[in-house]
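Engineer: Any chance you can model this:
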Amino acid sequence: MSKTLGNYKKISLSEEELVSKLKSRDTIAVQALYDMYSGALLGVISRIILQTEVAEDLLQETFIKIWNSADSYDSSKGRLFTWMMNIARNLAIDKLRSKDFKNSGKNQDIENNVDFIDAQKEVTFNADILGIKDMVTALKPEFNDVLNMVYFKGYTHVETAEELNLPLGTVKTRIRMAIMELRKHFN
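Structural biologist: A predicted model of the protein is given here:
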């Protein structure tokens, strides 16, 4: 097989020579393998892992494992590509079964989900309809001010503290106390 590798001259290697160079830790071998098989291996991984970024990361892990496990390849048990494909497939399956991968699908950004649900159901939040705004207005003025700024105008706690010229701790305490007052209406 002939391959041009970046700054390297054109090389022609049989599978046996490629395996020999790989086992002797020759970087040309792994570069040749990557050029020849990365597309096919990414295809194998992508059928199992649908997220492109994760699949590409697994492709890199596959070549690292190929590099580190080259001595375990036995040509009497199968072709080099089959061995590499099994490494790629096994890494993808391991990733799919891993706890962190399963949890990453559950832990999506809430803003994306809220926007998606709102778009699907055409839901809008209107505090006036719920009567919450009236309840907030009935609170002490210091509670009313912080809740209005944080929950209805979108200020952060720090911005509210700066705007009202209050310590941050005071703003947080007032919000907590105001929420405790509002809870009394729902019990």
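
Engineer: Excluding chain neighbours, what is closest to residue 56?
Structural biologist: Nearest residue to residue 56, sequence neighbours excluded (Cβ to Cβ, 6 or more residues apart in numbering): residue 42, at 7.1 Å. Using the backbone N, CA and C atoms, a C-beta is placed for each residue, glycine as well.

Engineer: helices and strands around the one helix or strand the one you found maps to, which ones?
Structural biologist: Per DSSP states H and E: residue 42 is located in helix 27-48. Other elements packing on helix 27-48 under the criterion 3 or more Cβ pairs under 8 Å, 6 or more residues apart in numbering; DSSP states H and E are strand 2-3, helix 15-23, helix 52-68, helix 80-97.

Engineer: do you know which of the ones you listed lies nearest residue 35?
Structural biologist: Nearest to residue 35, of all these, is strand 2-3, at 5.7 Å by Cβ to Cβ.

Engineer: Can you tell me how far residue 31 is from residue 18?
Structural biologist: For residue 31, the distance to residue 18 equals 11 Å [Cβ to Cβ, to the nearest Å].

Engineer: no wait, residue 76
Structural biologist: Distance of residue 76 to residue 18, computed by Cβ to Cβ: 16 Å.

Engineer: Residue 67 now?
Structural biologist: Separation of residue 67 from residue 18 (Cβ to Cβ) stands at 13 Å.

Engineer: quick one: which of the two has more around it?
Structural biologist: Counted by other Cβ atoms under 10 Å, residue 67 and residue 18 do not tie: residue 18 has more neighbours, with 21 against 14.

Engineer: Check the nearest residue to the more buried one once chain neighbours are set aside and give its pLDDT.
Structural biologist: Nearest residue to residue 18 in three dimensions, chain neighbours excluded: residue 29, at 5.5 Å (Cβ to Cβ, 6+ apart). Note on residue 29: pLDDT of 82.
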